[in-house]
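> Here is the input, now give the coordinates:
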Amino acid sequence: MKQRQDAWTEEDDLLLAETVLRHVREGSTQLNAFEEVGDKLNRTSAACGFRWNAVVRHRYEEALQLAKKQRKERQRLLAKQGGAKKRRLYEPPMPSLEELGEVMQLPAVIPSSPPQQVTLDQVIAFLKTFQSHERRREALIKENERLRREIEELKQKNKELEEKVAKLEENSSTVQEDFETLVKIINRARKMVLKEEEERGLTFRMDPNGNLEKIAE
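Numbering: from 1, shown residues only. Predicted structure coming up:
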């Protein structure tokens, strides 16, 4: 049984996409494409089918729809001409029972139909689709980089603001301590003055504002 544990490369994905589109366009099935790619990459057809449906297909959805449309046009043309005997584009080796079990878990594929030749217009359409996906990928990379820079700038500004707040809190605490110390000194001085005057026989009282005033005898 064929087994591969290494990751898929861009070349592997491109081979898978080209093979699937060719089989669909020429009237074969996606299963045949998975088997062909599996033989070339030493992977199981089930692994190729999973990779196509889970990762690669969404990149080539437009090209896949175009391939299906071309296959239908080819079928109509053959029907008008009296039809032709269908054949498989790829004859894979006989799979093992385990491989058959894996394949049965794949989504249903489109029945095979007569083959047709690839035209220049089809190649151009495929390349345009590929270029469009590539431009989108590059745009996403640039946008991601821009957002990353903005996040770094915001982090730096946030750090500077936190340092300023900490410094202001420290200054506020110092001012509060100085004020409390000053109030204590003033109160102590008032008590000393009051005590000295009492010892000299003078009577004082404190007004609502905290000031001392002499009481007439």
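> What distance do you get for residue 37 to residue 165?
60 Å (Cβ to Cβ, to the nearest Å). From N, CA and C alone the C-beta is placed, and that goes for glycine too.
> Between those two, which is the more surrounded one?
residue 37 (25 against 10; other Cβ atoms under 10 Å).
> Buried residues, the helix or strand containing the more buried one. List them.
Under the criterion of DSSP states H and E, residue 37 resides in helix 30-41. Neighbour-count burial for helix 30-41, counted by 16 or more other Cβ atoms under 10 Å, picks out 30-38, 41.
> And residue 78, how far from residue 71?
In terms of Cβ to Cβ, residue 78 sits 11 Å off from residue 71.
> Got phi/psi on residue 42?
phi 60, psi 40 (degrees, to the nearest 10).
> What's the local residue count around it?
10.
> what about it, distance to residue 48?
For residue 42 relative to residue 48 (Cβ to Cβ), the value is 11 Å.
> Show me where the protein has its helices.
Secondary structure of the chain (DSSP state H): helices located at 10-25, 30-41, 45-51, 61-80, 97-103, 120-199.
> thinking again about what came up before, residue 78 and residue 71: which is more packed in?
residue 71 (22 against 17).
> wait, doesn't the more buried one sit right on residue 21?
No - contact criterion Cβ atoms under 8 Å: residue 71 and residue 21 do not qualify, at 10.5 Å.
> looking at this structure, which helix or strand is least sure?
Here the helix or strand of the chain ranked lowest by mean pLDDT, DSSP states H and E is helix 97-103, holding a mean of 48.
> The helices of the chain: lowest mean pLDDT?
Here the lowest mean pLDDT among the helices of the chain goes to helix 97-103, at a mean of 48.
> returning to that earlier point: now the angle from the helix holding residue 37 to helix 10-25?
Using axes from the mean of the first three to the mean of the last three Cα atoms, to 10 degrees, the inter-axis angle of helix 30-41 relative to helix 10-25 is 150 degrees.
> Can you list the buried residues in stretch 135-146?
Under the neighbour-count rule, stretch 135-146 has none buried (16+ other Cβ under 10 Å).
> what's it in contact with?
Counting by Cβ atoms under 8 Å, 6 or more residues apart in numbering, stretch 135-146 makes contact with no residue outside itself.
> measure the nearest residue to residue 23 once chain neighbours are set aside to residue 180 for me?
Nearest residue to residue 23, sequence neighbours excluded (Cβ to Cβ, 6 or more residues apart in numbering): residue 33, at 4.0 Å. For residue 33, the distance to residue 180 equals 84 Å [Cβ to Cβ].
> Name the residue closest to the centre of the chain, please.
Nearest to the geometric centre of the chain sits residue 144, at 9.0 Å (Cα atoms, centre = their mean).
> separation between that one and residue 151?
11 Å.
> Then residue 159?
Counting by Cβ to Cβ - residue 159 and residue 151 are separated by 13 Å.
> Determine the number of other residues adjacent to residue 176.
For residue 176, using other Cβ under 10 Å, the count is 10.
> ok, now which ones touch it?
Going by Cβ under 8 Å, 6+ apart, the list of residues near residue 176 is empty.
> Now do residue 155 against residue 161, distance only.
11 Å.
> Equivalent analysis for residue 50, please.
49 Å.
> That's all I had, so thanks and see you.
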